[in-house]
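A.B. asks: output the structure for:
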Amino acid sequence: MADHSGEESPLESGSDVSDESDSDGNSDVESDSQLDGTEPCKYYNGRGCKEGERCSYLHVCKYALKGSCRHGSKCKLYHPRAERDASGASNGASDRSRASDPKLTDGRCYQWQLNDGNGWLDVCNDHVLEAQYSLPHTKSIKIYNTSYGAVSIDFRRMKVFRKSLRVRRLDDGNAVWIWYCTLSRKWIKYGSKDSKGNPGPVKNSDIEDKYQSNPASSFTFTIGADTVEIKFREMRQVTGQRKRKVTRRPLYRQQQAAAGVSQTASAVQNLHLGARPQWQFEGDSGAWHEFKHRRGTRTECSVNSDEIERKYAQNPKDSMIFKVKGRSYKLDFNAMTQTNLSTNTSHNVRRVLV
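C.D. replies: Below is the predicted model of the structure:
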């Protein structure tokens, strides 16, 4: 994650009411946003869950996730593989039980899955989904590489727009979750240094520990004479009458099986919080110019920077065709070039943060 040293701390209480609003059309109350396969199912931990594999929650011992299950390897509920191995549960019965129990993942760091009512299916190239989900300002994503066609996913509520599908994110139990708060329309990590270089009064790990112990509770701390409360259900930081948005996202981890996509996934993940990508091409003079429509000019283009970025997010190894004054060009994301398909001449393109 980008280091925010030099930024004003999101916890400073001297500012007025946050300039953030709900004008994006949806309330930011995120009571449903954590249904991403990372919370243990209360029914599975009780008398049994009727949903079975259709359940969006984890079928895992809630005490095992905290490392405090008194039954250890003898527990009838599923424990993450690492804990069972550490406890010495290596006999045949344990292995058979482990194989039949629901798993967190199949061994990968994370798995994104869709369900049309007939069971959960993996999403191909889900490293792109994970990289975008790791960014606190990303609200949603549209993917095309599914058997259901184009699918739009709301990250905040973990729901699929306008389709009878469900989505979930499975985790291996080793994710590091980062907490962010809005300040001046930017997401700032808790614990980041303030404008004077001083660390914040609260740590990410403290917030996460409290959240794991009770996701319906809140975390309270003080700054000088002010009491600050992070309400988990509302995903809000409250200081008196002032409110700020809060979100919780995983620290991006590269899948071991996906070493070939490390550069593209890292490129997506390493976006500076608050910045946005811009696509530019190199002119004959060596100057760089932003892709714009420029309608009515001699350089009228059929695509702009935002449209290129949406295509790139679908598959960073792909390419696209566009036109400039009727002439066709190929933009190759992998080679980072644009080629005139008539003359076969190429120019460099680049993706920068602004």
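
A.B. asks: and L129, that's in a strand?
C.D. replies: No - with DSSP: H, G, I helix; E, B strand; the rest coil as the criterion, L129 is helix rather than part of a strand.

A.B. asks: what sits closest to it if chain neighbours are left out?
C.D. replies: W112 (4.8 Å; C-beta to C-beta, 6 or more residues apart in numbering). Any C-beta I mention is one placed from the backbone N, CA and C, and that applies to glycine too.

A.B. asks: tell me the pLDDT of L271.
C.D. replies: In the predicted model, L271 carries a pLDDT score of 44.

A.B. asks: quick one: stretch 323-333 to chain centroid distance?
C.D. replies: 32 Å (C-alpha atoms, centre = their mean, to the nearest Å).

A.B. asks: in that stretch, what's buried?
C.D. replies: Neighbour counts over stretch 323-333 (16 or more other C-beta atoms under 10 Å) mark 324, 329, 331, 333 as buried.

A.B. asks: endpoints of that stretch, how far apart?
C.D. replies: One end of stretch 323-333 sits 16 Å from the other (C-alpha to C-alpha, to the nearest Å).

A.B. asks: what's the answer for stretch 121-130, then?
C.D. replies: For stretch 121-130, the first-to-last residue distance is 16 Å (C-alpha to C-alpha).

A.B. asks: coming back round to it: which one of the buried residues of stretch 323-333 is nearest to D106?
C.D. replies: Distance to D106, by C-beta to C-beta, is smallest for F333 among those, at 29.1 Å.

A.B. asks: am I right that the closest one is in contact with Y312?
C.D. replies: Yes - if you go by C-beta atoms under 8 Å, F333 and Y312 touch, sitting 5.6 Å apart.

A.B. asks: overlap in contacts, those two.
C.D. replies: Shared contacts of F333 and Y312 (C-beta atoms under 8 Å, 6 or more residues apart in numbering): D318.

A.B. asks: next structured bit after the helix or strand of the chain with the lowest mean pLDDT?
C.D. replies: Within the chain, no helix or strand scores below helix 92-100, which has a mean of 33 by mean pLDDT, DSSP states H and E. Counting by DSSP states H and E, the next helix or strand C-terminal to helix 92-100 is strand 110-115.

A.B. asks: tell me what that following strand is packed against?
C.D. replies: On a contact count with 3 or more C-beta pairs under 8 Å, 6 or more residues apart in numbering; DSSP states H and E, strand 110-115 meets strand 120-122, helix 126-133, strand 166-171.

A.B. asks: hang on, the earlier thing: for burial, what's the neighbour tally of the residue nearest to L129?
C.D. replies: For W112, the count of nearby residues is 23 (other C-beta atoms under 10 Å).

A.B. asks: ok, and the closest non-adjacent residue to the residue positioned nearest the centre of the chain?
C.D. replies: Central residue of the chain (C-alpha atoms, centre = their mean): Y133, 1.4 Å from the mean position. Closest residue to Y133 apart from its sequence neighbours, by C-beta to C-beta, 6+ apart: F155 at 5.5 Å.

A.B. asks: contacting residues around that neighbour?
C.D. replies: So F155 contacts 33, 132-133, 138-141 (C-beta under 8 Å, 6+ apart).

A.B. asks: so what pairs up with the residue nearest to L129 in the strands?
C.D. replies: Per DSSP bridges, the residues bridged to W112 are R169.

A.B. asks: roughly how far apart are it and F155?
C.D. replies: 11 Å (C-beta to C-beta, to the nearest Å).

A.B. asks: rewinding a little: filter the contacts of F155 down to the ones in helices?
C.D. replies: Among the contacts of F155, the ones falling in helices (DSSP state H) are 132-133.

A.B. asks: can you select the buried ones among the contacts of F155 for me in ChimeraX?
C.D. replies: A single ChimeraX command selects the buried members of these (16+ other C-beta under 10 Å):
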select :33,132,133,138,139,141
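
A.B. asks: any idea how many residues pack against K66?
C.D. replies: Quick note: K66 (other C-beta under 10 Å) scores 12 neighbours.

A.B. asks: for S73, which three-state class applies?
C.D. replies: helix.

A.B. asks: let's have the chain start at 217 instead
C.D. replies: Okay, using 217 as the starting number, the last item reads as S289.

A.B. asks: make sure it is actually in contact with A280.
C.D. replies: No - with contacts counted by C-beta under 8 Å, S289 stays clear of A280, the gap being 10.2 Å.

A.B. asks: okay, and the common contacts of these two?
C.D. replies: H295.

A.B. asks: which one of those two has more residues nearby?
C.D. replies: Each of S289 and A280 has its neighbours counted (other C-beta under 10 Å); A280 has more, 21 against 17.

A.B. asks: quick check: closest non-adjacent residue to the more buried one.
C.D. replies: Excluding its sequence neighbours, the residue lying closest to A280 (C-beta to C-beta, 6+ apart) is H295, at 4.2 Å.
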